[in-house]
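Chemist: Quick one, fold the following:
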Amino acid sequence: MRDLRPLALTMGEPAGIGGEIALKAWLERETHHIPPFYLIDDPDHLDALKRRLGWPVSLKPIERPEEAPEIFKSALPVLVHPLPRQPVPGSPQQENAGSVIAAIDLAVDHVRSGAAEAIVTNPIHKKVLVDAGFRHVGHTDYLAELAGDNARSIMMLACPDLRVVPVCVHMSLRESIEALTAEKIIKTTQATARALKSDFGIEQPHIALTGLNPHAGEEGAMGHEEIEIIRPSIERMKREGLSVRGPEPADTLFHERARTGYDAAVCMYHDQALIPIKTLDFHGTVNITLGLPFVRTSPDHGTAFEIAGTGVANAESLVAALKTASVMARRRRGDRLH
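Modeler: Numbers count the residues shown, from 1 in each chain. Coordinates of the predicted model:
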């Protein structure tokens, strides 16, 4: 194994639960065998938060990611990233939006330079960022822009028992139906197949694709998208050598026995993918961005303003995101995993 590089964890929305789940993850580092990470954040914010919660977290400001692995054993490494205003839990402040975005930029710089192993992002609050001039839907497309080279980012949600990828993501249901094309289905499925090989070590991935309509359209009785768009896409991918099947009725694709028949499910729209996986494993699901030249994961939940600063936030998804990012990065660079 090569020299250990730490994971870069961004602050996310400082008025949300990102800070406290990061503190909690560090406290649980030995119990859950969490790989070393450093948090890009304001040490004053974290010090106030740990005092508020009464948690025995040692904080150690750092200037370079390379300092993190050794420090991580006894203190949480914090790469100093000042906030214009000290956060108030549950009350996002637009003045801090620039620092939130800059923390993402810095993490990308670190991973692209080789100083960080991978990126894990805490949840952001999109409205605050948009009001401050942020013109992206969220992390996924912003990271694609930072990656350059015409990177096309795709969102996967993964837990131990299921992986799902939506073709259409953050848009209304009506817009998703109108935006659904053969090209989008094929590119999404191809990217999913590549990721299953490179990031998950599955040599011959099997992918199931859902239909769009109830009962996958029932041969045109409940819609024609399956006949006109989805099925021709699947047939084309089969001819190109991908192991794909469908369109499958979404209401019968996610029970326990059905899940044994594929490595990932490509779904046509956001809720079709996210409802089953969040129902199956709400706290343990990880958000993974496919199609980037670096590894990026995130806990699969939001800022949870209603419980921010109370200490009750569950860190399980962040812990899973940290461990998943480490495994994916090691697999990409060719380390043998046991």
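
Chemist: I'd say His283 and Ala321 touch.
Modeler: No: look at His283 against Ala321 with Cβ atoms under 8 Å: they stay out of range, at 11.5 Å. C-beta: built from backbone N, CA, C; applies to glycine.

Chemist: Compare neighbour counts for these two and give me the winner.
Modeler: Using other Cβ atoms under 10 Å, the more surrounded residue of His283 and Ala321 is Ala321, with 30 against 16.

Chemist: tell me which element that one is part of?
Modeler: helix 316-332 (DSSP states H and E).

Chemist: how about that helix: buried residues?
Modeler: 316-331 (16 or more other Cβ atoms under 10 Å).

Chemist: Roughly how far does Gly98 sit from Ile275?
Modeler: According to Cβ to Cβ, to the nearest Å, Gly98 stands 34 Å off from Ile275.

Chemist: actually Arg296, sorry about that
Modeler: Taking Cβ to Cβ, one finds Arg296 at 23 Å from Ile275.

Chemist: One more: Ala321?
Modeler: 20 Å.

Chemist: just Glu178 next, same as before
Modeler: 21 Å.

Chemist: of those two, who's got more company?
Modeler: Ile275 (14 against 11).

Chemist: if I've got this straight, the more buried one is in a helix?
Modeler: Yes: the assignment for Ile275 (DSSP: H, G, I helix; E, B strand; the rest coil) places it in a helix.

Chemist: And the nearest residue to Asp44 once chain neighbours are set aside, how far from Leu173?
Modeler: Leaving aside its sequence neighbours, Asp44 sits nearest to Gln86 (Cβ to Cβ, 6 or more residues apart in numbering; 6.6 Å). Between Gln86 and Leu173 the distance is 40 Å, computed by Cβ to Cβ.

Chemist: Ala147 now?
Modeler: 29 Å.

Chemist: quick one: which of the two has more around it?
Modeler: Set Ala147 next to Leu173 and count neighbours by other Cβ under 10 Å: Ala147 wins out with 20 against 12.

Chemist: Is it correct that that one is in contact with Val295?
Modeler: No: the criterion here is Cβ under 8 Å, and Ala147 misses it with Val295 at 11.5 Å.

Chemist: Show me the shaky parts of the stretch 1-150 of the chain.
Modeler: Low-confidence segments of the stretch 1-150 of the chain (pLDDT under 70): 1-3, 149-150.

Chemist: run the last query once more with 80
Modeler: 1-4, 137-138, 140, 148-150 (pLDDT under 80).

Chemist: how about the helices in it?
Modeler: If DSSP state H, counting those that start in this stretch is used as the criterion, the helices of the stretch 1-150 of the chain fall at 18-27, 43-53, 68-71, 97-113, 126-131, 139-147.

Chemist: Can you spell out which helices and strands pack onto the helix or strand just after the last one?
Modeler: Right, the one you point to is helix 139-147. The element immediately downstream of helix 139-147 (helix or strand, assigned by DSSP H and E) is strand 154-159. Applying 3 or more Cβ pairs under 8 Å, 6 or more residues apart in numbering; DSSP states H and E, one finds that strand 154-159 makes contact with strand 162-166, helix 182-198, helix 270-280, strand 286-290.

Chemist: Mind listing residues that contact the first one?
Modeler: If I follow you right, that is strand 162-166. Applying Cβ atoms under 8 Å, 6 or more residues apart in numbering, the contact partners of strand 162-166 are 154-158, 188-189, 192, 196, 200, 254, 259, 263-270, 272-274, 276-277, 280-281, 290.

Chemist: and for the helix or strand following that strand, what are the contacting residues?
Modeler: Counting by DSSP H and E, the next helix or strand C-terminal to strand 162-166 is helix 173-179. Residues from elsewhere that reach helix 173-179, judged by Cβ under 8 Å, 6+ apart: Cys168, Met171, Leu212, Glu225, Met268, Tyr269, His270, Asp271.

Chemist: Looking at these, which is nearest Glu63?
Modeler: His270 (40.0 Å; Cβ to Cβ).

Chemist: And the closest one, how far from Asp161?
Modeler: 20 Å.

Chemist: Which residue of these two possesses the greater neighbour count?
Modeler: Each of His270 and Asp161 has its neighbours counted (other Cβ under 10 Å); His270 has more, 18 against 13.

Chemist: Hmm, Pro61 is touching Pro43, no?
Modeler: Yes: contact criterion Cβ under 8 Å: Pro61 and Pro43 qualify, at 5.0 Å.

Chemist: joint contacts of the two?
Modeler: Val78, Val80.
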